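Engineer: Test case, fold it:
(one chain, ligands or ions: 1)
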Amino acid sequence: MKNIDKNLYLGVDIGASNTKFIIISGKSIKTFEKFHLSTPHNKRKLVDFIVAQIKSLEIKYRTKFAGVGVAFAGIINSSGTTILHSPNIRELDNFPLLRKLSAALDRRYILNNDANVFAFAEALAGAAKGASRVVGITLGTGMGGGFVVNKVLEKGAHGGSAEIGHTIIDPGGVKCSCGGWGHFEEHLSARAIRRHGVKTQEELAQRAGAGNKKAKAGFADMIAYLGYALANIVNFWDPEIIVIGGGIAEDADLLLKKAVPAAKKDIVSPEARAALKVKKAKLGEYAGAMGAALLAIKK
Ligand SMILES: [Zn+2]
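Structural biologist: Numbers count the residues shown, from 1 in each chain. Sure, this is the predicted structure:
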């Protein structure tokens, strides 16, 4: 641990089953270490668990973190202090996580939505590096999104922007995890794939390719809805690039290949249509943790 950069930031991505940790240097976005542990599903245990990791990592690196970024799969309040809605761990609804962390250990913390910080990481250091208008989409347990303009994460006036997964696309359709009906998330998440009778996107594509009727219809549904999502994003916001990540995207080459031309049919600006650029995420499963750490960097 000699000659180590003292300007270190910790990223913590709290997921339903695992919490990912990453340590990066604020200067060069160099990653020092990353690992994951099981997420405690209890308010007090979660705070103790994060604080214990910070303390033990600070001993190991012989420095105090310059900032700790926390990513969470849920709705965060506009000041970035409280989890308002936690779809996966209901006990964390209305939980003032930042206040509890600060009370337990005095550090600089930031809290943001996991899809927002995913987009931020991909815009700064991943598939969209160098682009000025970036949209990130995550397809996994749910469907999330994030907008980044000129390296600044767009949070919305009330912290509620980029919830592409909850766009109403099929009123009267399937009930969504948020309680609404007919949202994109129910067509493009792990739940949608399970509804089509398989466990993974890859399996769905393979079965569809082999002629299985149910899989063919399911795969066609995913292509169509991803196409609608991409077209809606472009018509509404005209980004330079859309980056798609999350567990489903990793094995979704065929899905993306088919959804992009499908989206073009619904893009109204001929220039935006011709320039449509959709890329798979580059930073892998630690993108959210990295984005949270990057967001914690002092400007
Ligand atoms: Zn919804």
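
Engineer: show me the contacts for the residue nearest to Gly160 when sequence neighbours are not counted.
Structural biologist: Spatial nearest neighbour of Gly160, chain neighbours left out: Ile75 (6.9 Å); criterion: CB to CB, 6 or more residues apart in numbering. (Each C-beta comes from the backbone N, C-alpha and C, glycine too.) Residues in contact with Ile75 (CB atoms under 8 Å, 6 or more residues apart in numbering) are 83-85, 113, 159-160.

Engineer: so of these, which ones are in strands?
Structural biologist: Of those, the ones assigned to strands by DSSP state E are 83-85, 113.

Engineer: ok, then the element right after the one helix or strand Leu37 maps to?
Structural biologist: Secondary structure from DSSP states H and E places Leu37 in strand 31-38. Following strand 31-38 in sequence order, the next helix or strand is helix 43-61 (DSSP H and E).

Engineer: Could you list the low-pLDDT ranges of this protein?
Structural biologist: By pLDDT under 70, the weakly predicted segments of the chain are 1-5, 299.

Engineer: so what strands line up beside the particular helix or strand that has Tyr9 in it?
Structural biologist: Per DSSP H and E, Tyr9 falls inside strand 8-14. Strand 8-14 has its sheet partners listed here by DSSP bridges as strand 18-25 (antiparallel), strand 67-72 (parallel).

Engineer: Deepest-packed of the ones you listed, please.
Structural biologist: Each of these was scored by mean neighbour count; the highest is strand 67-72, a mean of 26, by mean count of other CB atoms under 10 Å.

Engineer: re the thing from before, among the contacts of Ile75, which one has the most neighbours?
Structural biologist: Counting neighbours by other CB atoms under 10 Å, Asn113 comes out on top of the contacts of Ile75 with 30 neighbours.

Engineer: Quick one: residues contacting that one.
Structural biologist: Contacts of Asn113 by CB under 8 Å, 6+ apart are 71-76, 144, 146, 159, 162.

Engineer: Check the gap between the residue nearest to Gly160 and the ion for me.
Structural biologist: Counting by CB to the ion, to the nearest Å, the gap from Ile75 to the ion is 11 Å.

Engineer: If you tally nearby residues, what's the number for the nearest residue to Gly245 once chain neighbours are set aside?
Structural biologist: Distances taken as CB to CB, 6+ apart place Ala281 nearest to Gly245, at 3.0 Å, with adjacent residues excluded. Neighbour count for Ala281, taken as other CB under 10 Å: 23.

Engineer: give the contact list for Val148.
Structural biologist: 119-120, 123-124, 128, 133-136, 154.

Engineer: Which of the three states applies to it?
Structural biologist: With DSSP: H, G, I helix; E, B strand; the rest coil as the basis, Val148 sits in strand.

Engineer: can you tell which of the strands paired with strand 8-14 is closest to the ion?
Structural biologist: strand 67-72 (17.0 Å; CB to the ion).

Engineer: And the contacts of the closest one?
Structural biologist: Where contact means CB under 8 Å, 6+ apart, the residues beyond strand 67-72 that reach it are 9-14, 26, 50, 54, 83, 86, 92, 97-98, 101, 107-114, 117-118, 288-289, 291-298.

Engineer: Now which of these would you call buried?
Structural biologist: Taking 16 or more other CB atoms under 10 Å as the criterion, what is buried in the contacts of strand 67-72 is 9-14, 26, 50, 54, 83, 86, 92, 97-98, 101, 107, 109-114, 117-118, 288-289, 291-297.

Engineer: Show me which of the contacts of Val148 is closest to Trp181.
Structural biologist: Val135 (24.5 Å; CB to CB).
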